[in-house]
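K.L.:
based on what follows, work out the 3D shape:
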Amino acid sequence: MTVPQPDVTVVIGAYEAMPYLVECLASVQAQTLGPGRIEVIAVDDGSTDGTGEYLEEFAGRAPMPVTVIRQENSGGPSGPRNVGLGKAAGRYVFFLDADDRLGPEALERMVAMADRNATDVVLGRVEGVNRKAPQSMWGRTLDRTDVFSSNIKFTLSAQKLFRRSLLERHGMRFDESLWTGEDALFTMEAYLRADGVSVLADHTCYYLVGREDGKHVTKSGSYTLRFDSARALMRLIAEMVPAGPQRDMLMVRPFLVTLLPQFGPKYLKDSDEVRRTKFDLAKPLMETYWTDGVARSLKVNERLRLHLVAAGRPELLKDVLEFMRAKKQPAAVLERKGRRVYLAYPHFRDGSAAVPDAVYLAEPREARGVPGHREDRVDTLLRRVARRARRVMPSREAGPGGRRAAA
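P.N.:
Residues are numbered from 1 along each chain as shown. You can find the predicted model right below:
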């Protein structure tokens, strides 16, 4: 008798996951998608706290088929996920962290959305429990979009529904050489290769749980690993997207989320040696990937800091960070009858610093709240045209999943 193919393989990589694993597995068992339509591949990555034993106990009583694999510790989440993906038989794969849990009806709703819209990736709304969760992409449910027409580039964690044929066709696996950010690399590649992405924003599908013991992979690792992560993601984007506005749009993500925090308030507490190393690690990334298009997409304080990193000016960066740490607000300098706004952070129009005025120029969205600012009618018109273009791009221009842009 032929066993029907499951709709979803839930891959759970688990390391020292007790007691969080109890609620995680309970959330899988409570799914409304029929148990015959789900399989679970759970990989215990060398736990010593009873995680492996609890997985085996769950496998013995679960209504759906559960395969438990126990292995030596691999040191990170990529290995267990790859092992689980290699064993998966479902039409779709969902990567569930053992600390977290699924929302009610999550798998049923995500599978239905993917089937209805023939999309390769589905993002279900995420809520944080004792930790922050991404928010900017949940404005509305989108049946079919792509990474260029929405805010999904700001959620690159692996906890999404992926069509397995997409992953197998392109031989996609998690990069086991990366100790952090491996999911960002995997998910961005999936977005770029996908024949459409769906966003399910009106139902919580995933609860991102902050561990009380602080043992969460995203908090671990030295600062050098963050540079490794940024470098890998920037390289992937450059390889898959031609130079131009769309590449710049995606590059904002690694610059803003991964690189910029290395030159935030923590930088003031770093030793001189660490500061020098951070500038050395950033230099090739800035030389290769930092463009005017990326810079224009950032707020003034973000753009200024990265400009000073690119220019190799640590002494000026320190002044800016101390200004920010003191929670000072920069004076607004209005020109052209209020249509141009500069935010006068340290070294604005300081001849000895020689930082270009353009670095301090507030883009329309940042200038909007400044008293006396008057929007340029041309800028307003361009924004309206851009919004209209984004609304029609997924169906008329980009084709399925934005493949034309990613080719």
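K.L.:
any regions of the stretch 1-150 of the chain where pLDDT drops low?
P.N.:
Counting by pLDDT under 70, the ranges of the stretch 1-150 of the chain that qualify are 1.
K.L.:
in it, which spans are helices?
P.N.:
Using DSSP state H, counting those that start in this stretch, the helices of the stretch 1-150 of the chain run over residues 20-29, 51-61, 78-87, 106-117.
K.L.:
give me the neighbour count for Arg116.
P.N.:
11 (other C-beta atoms under 10 Å). From N, CA and C alone the C-beta is placed, and that goes for glycine too.
K.L.:
for the nearest residue to it once chain neighbours are set aside, grab the count of nearby residues.
P.N.:
Nearest residue to Arg116, sequence neighbours excluded (C-beta to C-beta, 6 or more residues apart in numbering): Asp143, at 7.4 Å. By other C-beta under 10 Å, 15 other residues sit near Asp143.
K.L.:
for Pro134, same thing?
P.N.:
Pro134: 18 neighbours (other C-beta under 10 Å).
K.L.:
next: Val83.
P.N.:
17.
K.L.:
and it, what does it touch?
P.N.:
41, 43, 69, 71 (C-beta atoms under 8 Å, 6 or more residues apart in numbering).
K.L.:
how far away is it from Glu53?
P.N.:
19 Å (C-beta to C-beta, to the nearest Å).
K.L.:
about what we covered before: farthest pair within the contacts of Val83?
P.N.:
Spatial extent of the contacts of Val83 (C-beta to C-beta) is set by the pair Ile41 and Gln71 at 12.4 Å.
K.L.:
of these two, which one has the most company?
P.N.:
Ile41 (25 against 13).
K.L.:
test my guess that that one contacts Met64.
P.N.:
No - Ile41 is not in contact with Met64 according to C-beta atoms under 8 Å; the separation is 11.2 Å.
K.L.:
could you check the pLDDT of the residue nearest the centre of the chain?
P.N.:
Nearest residue to the geometric centre of the chain (C-alpha atoms, centre = their mean): Leu156, 2.8 Å. Looking at Leu156, its pLDDT is 96.
K.L.:
repeat for the one 3 residues further on
P.N.:
According to the per-residue confidence, Gln159 scores 96 in pLDDT.
K.L.:
do Arg396 as well
P.N.:
So, for Arg396, pLDDT stands at 36.
K.L.:
repeat for the one 5 residues further on
P.N.:
On pLDDT, Gly401 comes in at 40.
K.L.:
hang on, the earlier thing: which of the contacts of Val83 fall in strands?
P.N.:
41, 43, 69, 71 (DSSP state E).
K.L.:
the second one against Ser78, yeah?
P.N.:
In other words, Val43. No - Val43 is not in contact with Ser78 according to C-beta under 8 Å; the separation is 11.2 Å.
K.L.:
who's more crowded, these two?
P.N.:
Val43 (28 against 22).
K.L.:
against Gln71, how distant is the residue nearest to the more buried one when sequence neighbours are not counted?
P.N.:
Distances taken as C-beta to C-beta, 6+ apart put Pro80 closest to Val43, at 3.8 Å, once the chain neighbours are dropped. From Pro80 over to Gln71 the distance is 8 Å, taken as C-beta to C-beta.
K.L.:
what does Thr32 give?
P.N.:
For Thr32, the distance to Gln71 - C-beta to C-beta - is 32 Å.
K.L.:
over to Glu176?
P.N.:
Relative to Gln71, and taking C-beta to C-beta, Glu176 is found at 13 Å.
K.L.:
same check, this time on Thr51
P.N.:
The gap separating Thr51 from Gln71 is 12 Å, by C-beta to C-beta.
K.L.:
between these two, what contacts are shared?
P.N.:
Asp44.
K.L.:
quick one: closest of the helices of the stretch 1-150 of the chain to Ala311.
P.N.:
helix 78-87 (35.4 Å).
K.L.:
run the chain-centre distance for that closest one.
P.N.:
Chain-centre distance of helix 78-87: 20 Å, with C-alpha atoms, centre = their mean, to the nearest Å.
K.L.:
got the buried residues for that helix?
P.N.:
Residues 78-85 are the ones in helix 78-87 that count as buried (16 or more other C-beta atoms under 10 Å).
K.L.:
CA atoms only for that helix - export them in CSV, please.
P.N.:
This file holds the C-alpha atoms of helix 78-87, laid out as CSV (Å, rounded to 0.1, in the frame of the first residue of the first chain):
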residue,chain,number,x,y,z
SER,A,78,22.4,24.6,10.0
GLY,A,79,23.5,21.0,10.4
PRO,A,80,20.2,19.7,12.0
ARG,A,81,18.1,21.6,9.5
ASN,A,82,20.0,20.2,6.6
VAL,A,83,19.7,16.7,8.0
GLY,A,84,16.0,17.1,8.4
LEU,A,85,15.6,18.6,5.0
GLY,A,86,17.4,15.7,3.5
LYS,A,87,14.9,13.3,5.0
